[in-house]
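> Need a 3D model of the sequence below.
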Amino acid sequence: MFRTTFRRLALATGMVAIALAGTAALADAKAQMMDRILTDKKVKVGYIPSPPGTIKDPASGEVKGFYVEGVRYMFDQIGVEIEFVETTWANFAAGLQSGQFDFSMAGTFATIKRAAAVEFTNPIHYLGYSAVVKKGDERFKSLADFNQEGIKIAVVQGGAGQEYVRENFPKAEMVQLATGNLTAPFIEVASGRADVGIEDAWQARRFATAQPGVTDLFGDQPYNVLPIAWAVKRGNDDMLRFLNTSIDFMLLTGRWERMAAPYGGTGRYVDKVVMVPFGPATEVKK
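The predicted structure follows:
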């Protein structure tokens with residue numbers, strides 16, 4: 001009996017030790033990223049070409065934009081060299097999980113589904129969506145008009161627009177484009193391969209200005225306004241804290257506004273939360 005009790009005690013002690021070791025290893029893993037970056041003086045940054053935050057020169061491969069300038073400023077402050085790694089909207093979360101890069105500076109709409117796969121930084125700015133149709137197409141007076149059979153809606157695969165179309169326009173046919181080019185849905189419309197192209201309002205306005213054959217339907221009143229943020233692998237708390245502190249610093253000091261000015265602004269449609277009542281209206285009894 002004594003031996004049995006001893007064996008049980010030893011087994012229980014071993015299990016506790018393993019659990020504590022696992023917890024310590026997890027804590028170490030969370031702290032390792034910034035420790036490694038500060039030791040190696042190198043950081044890998046995932047990006048997706050998406051003007052004006054990130055712009056890739058097709059000839060030279062040079063990456064610029066106000067996100068790029070902001071990241072360079074942040075890591076210059078701590079003497080860390082940056083390696084930019086290109087990814088796509090469909091693959092950026094997998095790139096974080098597999099360690100292809102340390103964080104993603106792709107300007108990403110922070111949605112519930114994405115938050116299950118990655119952790120988002122504080123918002124950098126807020127951005128809404130718009131839609132592009134052929135000029136003279138009078139079928140669409142409101143968003144509800146998109147939800148019809150026979151309507152082809154082009155979206156970027158892996159983008160937040162894909163989620164929105166799937167949820168709100170189930171009757172329409174969704175044309176999913178495997179590309180990082182956010183103007184691709186609008187090109188489908190201009191070429192006649194789709195009836196509607198949906199993407200962020202900045203891209204829609206930019207495309208419609210350059211292409212007189214299309215119309216930006218919601219340029220003045222973007223819909224589905226959401227926070228735009230960067231992303232880290234779940235559990236990388238030290239990297240998340242560093243980025244949040246850096247983002248707040250850049251915004252509060254006005255550095256990002258100055259960096260963004262040459263690129264046409266950040267597309268910040270909302271600067272702060274507007275508190276409005278919701279639910280059924282009630283009369284105040286006198």
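
> Quick one: find the helix or strand in this structure with the lowest mean pLDDT.
One helix or strand of the chain scores below all others by mean pLDDT, DSSP states H and E: helix 2-40, with a mean of 56.

> what sits against residue 137?
195, 215 (CB atoms under 8 Å, 6 or more residues apart in numbering). C-beta here means a position set from N, CA and C on the backbone, and glycine is covered the same way.

> And it, what's its pLDDT?
In this prediction, residue 137 carries a pLDDT score of 95.

> what's the closest non-adjacent residue to residue 48?
residue 106 (4.2 Å; CB to CB, 6 or more residues apart in numbering).

> Quickly note the distance from the one you found to residue 241.
Here residue 106 is placed at a distance of 20 Å from residue 241 (CB to CB, to the nearest Å).

> If you count surrounding residues, which of the two has more?
With neighbours defined as other CB atoms under 10 Å, residue 106 and residue 241 compare such that residue 106 has more, 25 against 13.

> so where do the helices sit in the stretch 1-150 of the chain?
2-40, 66-76, 92-98, 112-115 (DSSP state H, counting those that start in this stretch).

> If we go by neighbour counts, what in the shortest one is buried?
For helix 112-115, the buried set under the neighbour-count rule, 16 or more other CB atoms under 10 Å, comprises residue 114.

> Mind listing residues that contact that helix?
Identification of contacts with helix 112-115 by CB under 8 Å, 6+ apart yields 93, 108, 120, 160, 163, 231.

> Tell me how far residue 123 lies from residue 110.
In terms of CB to CB, residue 123 sits 7 Å off from residue 110.

> whoops, residue 136 was the one
Taking CB to CB as the measure, residue 136 falls 36 Å from residue 110.

> Output the contacting helices and strands for the helix or strand encompassing residue 155.
Using DSSP states H and E, residue 155 sits within strand 152-156. With contacts taken as 3 or more CB pairs under 8 Å, 6 or more residues apart in numbering; DSSP states H and E, strand 152-156 sits against helix 160-168, strand 173-177, helix 184-190, strand 196-200.

> Recalculate using a threshold of 10 Å.
Under the contact criterion of 3 or more CB pairs under 10 Å, 6 or more residues apart in numbering; DSSP states H and E, strand 152-156 touches strand 125-134, helix 160-168, strand 173-177, helix 184-190, strand 196-200.

> Output the contacting helices and strands for the fourth one.
The reference is to helix 184-190. Partner elements for helix 184-190 (3+ CB pairs under 10 Å, 6+ apart): strand 125-134, strand 152-156, strand 173-177, strand 196-200, helix 201-210, strand 214-216.

> can you state the direction angle for the third one and helix 160-168?
Counting by axes from the mean of the first three to the mean of the last three CA atoms, to 10 degrees, strand 173-177 lies at 160 degrees to helix 160-168.

> Could I get the buried residue list for strand 173-177?
174, 175, 176, 177.

> Okay, angle between that strand and strand 196-200 too, please.
Using the same axes, to 10 degrees: strand 173-177 against strand 196-200 is 50 degrees.
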